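**Q** Give me coordinates for this.
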Amino acid sequence: MTVTVIATRQPSSLHEDRTALLAAAARGDEAAFAALYRELAGPVYGLALRVLRSPAHAEEVTQEVFLEVWRTAPAYRSERGSVLTWVLTIAHHRAVDRVRSVRASSDRELRFTRQDQPLHAPDTDQLEHLADAERVRSALAELTAPQRESLVLAYYGGYSQREIAALLGVPLGTVKTRMRDGLRKLRPMIHT
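**A** Residues are numbered from 1 along each chain as shown. Next comes the predicted model:
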């Protein structure tokens, strides 16, 4: 009876293999880069597809990611994370950039389309909305800069309190306090 043993790589040796391939690619070894590509193209494409939900955009982003990996391979530092983590981080940033780019492009198209439409007098709802917006802008101007910044990031930027804390480099409790105090101050100014 013959037993076939299939060798499997352990996670640590896989990490070492990828690190060695990336180091060789950093020195210009195209074969090593091709092997790294075969190893990581699937996870990169999968991540891009999950973010973009478009196979065509995901393919383009995958190509851009590996072009960036080829160009920046010497910048990789193994003490900061695995090769897979580094490459997937690049992929995530590229995919998010693509989402923003596509959204901005469609917004520009929409604005251009609206400019082609004939102008007509605003209705009562539009006038009320404009008055409300002006009241909010005036009220925001009365807040302290930290309160205004936190509220604008939350309500106009769509950030969560935790994300605002990270963006501003302040504790979460500080952001919550700024927002609570700011909203308390805004309430009587807006509802007059």
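**Q** Can I get stretch 51-64 as PDB, trimmed to CA atoms?
**A** Extracted C-alpha coordinates of stretch 51-64, given in PDB (Å, rounded to 0.1, in the frame of the first residue of the first chain):
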ATOM      1  CA  VAL A  51     -15.900  47.100  -2.000                       C
ATOM      2  CA  LEU A  52     -16.700  48.000  -5.600                       C
ATOM      3  CA  ARG A  53     -19.400  45.500  -6.600                       C
ATOM      4  CA  SER A  54     -18.200  45.700 -10.200                       C
ATOM      5  CA  PRO A  55     -16.000  43.000 -11.800                       C
ATOM      6  CA  ALA A  56     -14.600  45.500 -14.300                       C
ATOM      7  CA  HIS A  57     -13.600  48.000 -11.700                       C
ATOM      8  CA  ALA A  58     -12.300  45.300  -9.400                       C
ATOM      9  CA  GLU A  59     -10.000  44.000 -12.200                       C
ATOM     10  CA  GLU A  60      -8.700  47.500 -12.900                       C
ATOM     11  CA  VAL A  61      -8.000  48.100  -9.200                       C
ATOM     12  CA  THR A  62      -6.300  44.700  -8.900                       C
ATOM     13  CA  GLN A  63      -3.900  45.700 -11.700                       C
ATOM     14  CA  GLU A  64      -3.300  49.100 -10.100                       C
END
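**Q** average pLDDT across that stretch?
**A** For stretch 51-64, the mean per-residue pLDDT is 94.
**Q** what's the answer for stretch 140-155, then?
**A** For stretch 140-155, the per-residue pLDDT values average out at 83.
**Q** Could you tell me how many residues sit around residue 48?
**A** 27 (other CB atoms under 10 Å). In this view, the C-beta of every residue, glycine as well, is placed from N, C-alpha and C.
**Q** Now do the SS call for it.
**A** At residue 48 the chain is in helix, as set by DSSP: H, G, I helix; E, B strand; the rest coil.
**Q** Over to residue 159?
**A** What three-state DSSP gives for residue 159 is coil.
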